[in-house]
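Engineer: Kindly return the folded structure for what I paste below:
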Amino acid sequence: MEKEKTRPDFWKDQEKARKIEKEIFELKESIKIFDKIEKELIEVENFLEIAEKDEELAEAIEKNIKSLEKELKEESLKIYLSGKYDNGDAILQIFSGAGGRDAQDWATLLQRMYERYFERKGFKTKILEQSFGEAGGPEGRIGIKSITFEVSGPFALGFLKGESGVHRLVRISPFSPQKLRHTSFAQVQVSPALKTTKDLQIEIKPEDLDIQTYKSSGPGGQYVQKRETAVRILHKPTGLQATCQSERFQIANKKKAMEILYGKVYQLKQQELEREQKKLKGKVDPTWGNQIRSYVLHPYKLVKDLRTGTETSDVEGVLNGNLDEFIEAQLKITNN
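Structural biologist: Just a heads-up that it's a prediction; the model follows:
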């Protein structure tokens with residue numbers, strides 16, 4: 001790839017050139033990580049004999065080994081990320097289910113959970129669209145009806161794609177004067193952040209699109225600007241929708257909404273293909289909307305993934321973005 005970069009016509013196809021540059025950068029980063037691990041392992045080995053007589057050094061080495069194990073484990077996970085767009089960026093959407101303020105507040109908690117996870121992974125994020133619910137939530141929170149993130153970083157789609165599905169919360173409702181237990185639902189959808197339809201092998205016809213414009217809104221429904229710059233696009237053959245209101249100009253929001261739609265159409269086609277393959281194998285296919293994970297805060301504390309059986313009583317840790325155990329288990333079971 002480095003040799004290809006020296007060709008005079010390398011930048012003739014700019015999209016291909018950017019893709020190659022990105023791949024070179026990511027490969028170099030991976031090599032750096034393994035070189036670093038190898039160097040530190042040699043240092044540990046050199047100090048092992050001395051550490052037998054030095055308790056403080058032994059503790060430092062043990063701590064270092066655990067850190068190296070964690071790094072190696074994270075890199076090893078990439079073995080399971082072999083999908084066509086796994087190494088690319090992702091679009092992650094959260095939709096509150098039926099249930100008014102409880103469901104909207106649950107969607108807000110999921111938003112915070114994923115934002116913390118993105119921070120832990122070093123992913124860059126941008127909110128493309130956000131629809132606010134009713135005010136008056138706990139700690140002054142305003143619930144959300146929906147939110148759309150663009151998530152950028154190495155293997156963003158690969159790590160996040162298993163989060164698609166319905167997430168269920170059981171807790172004492174903060175909105176109930178009688179302190180009653182309430183169950184809330186929210187749906188998460190993850191699709192590739194595709195810039196063009198070149199690789200999709202499908203056609204999106206202009207006549208199949210219903211494009212609407214509206215005013216971008218903020219908390220409480222107040223318009224943050226007077227002009228209709230926000231864009232909503234409906235793909236009539238599939239019923240899929242994509243919206244964007246993050247950009248200042250309508251044309252930019254339309255372009256971003258189309259990118260989201262490309263990813264959704266691709267994801268739908270992939271799901272149809274997987275369903276057909278599972279039918280041929282005689283397996284029952286779980287639908288897009290099936291519940292994937294349950295978060296219980298009362299009468300006991302437990303987060304359980306219903307697909308892998310992975311569970312933990314550290315609900316607070318999970319809601320603070322500690323999702324690695326669940327994502328790792330889903331990656332392994334999907335690729336076995």
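
Engineer: Secondary structure element for the residue nearest the centre of the chain, which one?
Structural biologist: The structure's the chain has its C-alpha centroid closest to Leu160; by C-alpha atoms, centre = their mean the separation is 3.7 Å. Assigned by DSSP states H and E, Leu160 belongs to helix 156-160.

Engineer: Tell me the first helix or strand C-terminal of that helix.
Structural biologist: Taking DSSP H and E as the definition, the helix or strand that follows helix 156-160 towards the C-terminus is strand 165-172.

Engineer: Give me the buried positions along that following strand.
Structural biologist: Across strand 165-172, burial judged by 16 or more other C-beta atoms under 10 Å covers Gly165, Val166, His167, Arg168, Leu169, Val170, Arg171. Any C-beta I mention is one placed from the backbone N, CA and C, and that applies to glycine too.

Engineer: can those go into CSV with extra columns for pLDDT and distance to Leu306?
Structural biologist: Converted to CSV, the buried residues of strand 165-172 look like this (pLDDT from 0 to 100; distance: C-beta to C-beta, whole Å):
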residue, pLDDT, distance to Leu306
Gly165, 91, 9
Val166, 93, 10
His167, 95, 11
Arg168, 94, 9
Leu169, 95, 14
Val170, 94, 14
Arg171, 94, 18
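
Engineer: Redo these as JSON lines? Include distance to Gly100.
Structural biologist: Rendered in JSON lines, the data for the buried residues of strand 165-172 read as follows (distance: C-beta to C-beta, whole Å):
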{"residue": "Gly165", "distance to Gly100": "22"}
{"residue": "Val166", "distance to Gly100": "17"}
{"residue": "His167", "distance to Gly100": "17"}
{"residue": "Arg168", "distance to Gly100": "16"}
{"residue": "Leu169", "distance to Gly100": "14"}
{"residue": "Val170", "distance to Gly100": "16"}
{"residue": "Arg171", "distance to Gly100": "15"}
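
Engineer: which residues sit against the helix holding Leu160?
Structural biologist: For helix 156-160, the surrounding residues in contact (C-beta atoms under 8 Å, 6 or more residues apart in numbering) are 77-78, 80-81, 83, 85-90, 92, 121, 123, 151, 190, 192-193, 327, 331.

Engineer: Could I get the phi/psi values of His182?
Structural biologist: Torsion angles at His182 (phi, psi; degrees, to the nearest 10) stand at phi -140, psi 140.

Engineer: Return the residues in contact with it.
Structural biologist: Listed by C-beta under 8 Å, 6+ apart, the contact partners of His182 are Gly99, Asp102, Val170, Arg171, Ile172, Ser173, Phe175, Ser176.

Engineer: For it, which residues count as its bridge partners?
Structural biologist: Counting by DSSP bridges, His182 forms beta bridges with Arg171.

Engineer: Then the one 4 residues further on?
Structural biologist: Ala186 has these beta-bridge partners by DSSP bridges: Ser96, His167.

Engineer: Quick check: it touching Phe95?
Structural biologist: Yes - counting by C-beta atoms under 8 Å, Ala186 sits close enough to Phe95 to count as a contact (6.5 Å).

Engineer: Give me the more crowded residue out of those two.
Structural biologist: Neighbours per residue, other C-beta atoms under 10 Å: of Ala186 and Phe95, the larger number sits with Ala186, 24 against 19.

Engineer: Might you report the residue contacts of the more buried one?
Structural biologist: With C-beta under 8 Å, 6+ apart as the criterion, the residues that contact Ala186 are Ile94, Phe95, Ser96, Gly97, Ala103, Trp106, Ala107, Leu110, Val166, His167, Leu169.
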